[in-house]
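Student: Sequence and predicted structure below; questions after.
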Amino acid sequence: MGDGLYAVMIYWLCRFIFSQRSFSFCFVSSLAFCFTIEFLQLVQRPLLISVRNHPLLRLLFGQGFLWSDLIAYIAGSAIAFLLDRSFHRSKKK
């Protein structure tokens, strides 16, 4: 559940930063960001290990790779994308 909410947060952050870009761009960008963070958890370099040991940065960079996290990222980003698109469609009517 937390990873899905993390993906929703990243999607909305992307929409805030790239407000003039399309919904699809923000959906793909948020997935790319979340997947990059998740796959970086497979890299065990000393710098990344020390970053992951910091309590606040651990929330951003995570602790370990899980395939189920990727599914949660897809679900969270998709939910945010669909809500955003439907909100803007109803706003135009």
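Tutor: That came through, no problem. Computed from a prediction, not measured in an experiment: that's the story for all the values here. Numbers count the residues shown, from 1 in each chain.
Student: F27 and S77 touch, don't they?
Tutor: Yes. Under the criterion of CB atoms under 8 Å, F27 makes contact with S77 at 5.7 Å. (Each C-beta comes from the backbone N, C-alpha and C, glycine too.)
Student: Spell out which residues are contacts of both of the two.
Tutor: Listed contacts common to F27 and S77 are Y11; contacts here mean CB atoms under 8 Å, 6 or more residues apart in numbering.
Student: So between the two, which is more surrounded?
Tutor: S77 (26 against 22; other CB atoms under 10 Å).
Student: how near is the more buried one to F33?
Tutor: With distances taken as CB to CB, to the nearest Å, S77 is found 10 Å from F33.
Student: between the two, what contacts are shared?
Tutor: Residues touching both S77 and F33 by CB under 8 Å, 6+ apart: I10.
Student: Okay, L59 and F18: tell me how far apart.
Tutor: L59 sits 23 Å away from F18, going by CB to CB.
Student: show me where pLDDT drops low in this structure?
Tutor: Across the chain, the ranges flagged by pLDDT under 70 are 92-93.
Student: And the helices in it, which stretches?
Tutor: Secondary structure of the chain, counting by DSSP state H: helices at 2-17, 23-40, 46-53, 55-61, 67-92.
Student: Tell me the helices and strands packed up against the shortest one.
Tutor: So the one you mean is helix 55-61. Helices and strands touching helix 55-61, by 3 or more CB pairs under 8 Å, 6 or more residues apart in numbering; DSSP states H and E, are helix 23-40, helix 46-53.
Student: That one: how far from the chain's middle?
Tutor: Put simply, helix 55-61 sits 14 Å off its chain's centre (CA atoms, centre = their mean, to the nearest Å).
Student: can you list the residues that contact it?
Tutor: If you take CB under 8 Å, 6+ apart as the criterion, helix 55-61 is touched by 37, 40-41, 48, 51-52.
Student: Out of those residues, the closest to F81 would be?
Tutor: Comparing the contacts of helix 55-61 against F81 with CB to CB places I37 closest, at 18.5 Å.
Student: Does that closest one touch G62 like I think?
Tutor: Yes. Between I37 and G62 there is a contact at 6.4 Å, judged by CB under 8 Å.
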